[in-house]
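[1] here's my sequence, what's the structure:
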Amino acid sequence: MKPLYHLIQQADLEQLKTSERYEPDSLALDGFIHLAYKEQLPFIIQQFFVPPFLKAGVLNKGEGLQQVGLYLVEITPERLTAKVVDEPAVGLSTDLAASTESDSLEQDRSPERNKATELYPHLYGALNREAIVTINSLHINALGDYVISGL
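    I've put the predicted structure just below:
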């Protein structure tokens, strides 16, 4: 199986590193933990971690603004004790997901539209520590580009 990834914020890092079982708020709210495959990360970062004013181009390129305090957790699926299910995305921009049917065929082929309708892995239970391979710091600039660095 392909590695899985989970994005966390600084506030969740200590719980993830010290607990045998990591249970983020999404587990209680949605019933699962949001995960991603490596190829899905750029889209997820754009959707959830680049502030709207940056997406709208309010800042000029190269202004150096960064989103910090984010971490990328790599997970080995074979070591998980809870079930992973690939399902339609939850929480993605409704504009992207809802407009695919009404747009022209050419527009429907855009990568953003395809990402909004593809399947994403969801972990139905706590993330057990044995399944965690690495936790890396994630730096995102104003353009949504990101750099991963080890802790």
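[2] quick one, phi/psi of the closest residue to residue 120 other than its chain neighbours?
    Spatially, and ignoring its direct neighbours in sequence, residue 120 is nearest to residue 89 (5.1 Å; Cβ to Cβ, 6 or more residues apart in numbering). The C-beta positions use only the backbone N, C-alpha and C, and glycine is treated the same way. Here is the backbone geometry of residue 89 (degrees, to the nearest 10): phi -60, psi 150.
[3] isn't residue 89 up against residue 118?
    Yes: with contact defined as Cβ atoms under 8 Å, residue 89 reaches residue 118; the gap is 7.3 Å.
[4] of those two, which one has the most company?
    residue 89 (21 against 14; other Cβ atoms under 10 Å).
[5] which residues are in contact with residue 7?
    Going by Cβ atoms under 8 Å, 6 or more residues apart in numbering, residue 7 touches 36, 44-45, 48-49, 70-73, 138.
[6] same check, this time on residue 134
    Counting by Cβ under 8 Å, 6+ apart, residue 134 has contacts 73-74, 150.
[7] what's the neighbour count on residue 29?
    By other Cβ under 10 Å, the residues close to residue 29 number 8.
[8] hey, C-alpha coordinates of the host helix or strand of residue 134 in PDB?
    Following DSSP states H and E, the helix or strand that holds residue 134 is strand 132-141. This file holds the C-alpha atoms of strand 132-141, laid out as PDB (Å, rounded to 0.1, in the frame of the first residue of the first chain):
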ATOM      1  CA  ILE A 132       3.800   6.800  12.200                       C
ATOM      2  CA  VAL A 133       7.000   6.800  10.100                       C
ATOM      3  CA  THR A 134       8.000  10.400  10.300                       C
ATOM      4  CA  ILE A 135       6.800  13.800  11.400                       C
ATOM      5  CA  ASN A 136       8.200  16.700   9.300                       C
ATOM      6  CA  SER A 137       7.900  20.400   9.600                       C
ATOM      7  CA  LEU A 138       6.000  21.900   6.700                       C
ATOM      8  CA  HIS A 139       6.600  25.500   5.500                       C
ATOM      9  CA  ILE A 140       4.000  27.000   3.000                       C
ATOM     10  CA  ASN A 141       4.700  30.300   1.200                       C
END
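[9] list the buried residues of it.
    132, 135-138, 140-141 (16 or more other Cβ atoms under 10 Å).
[10] just stretch 27-34 next, same as before
    Buried residues in stretch 27-34 (16+ other Cβ under 10 Å): 27, 32-34.
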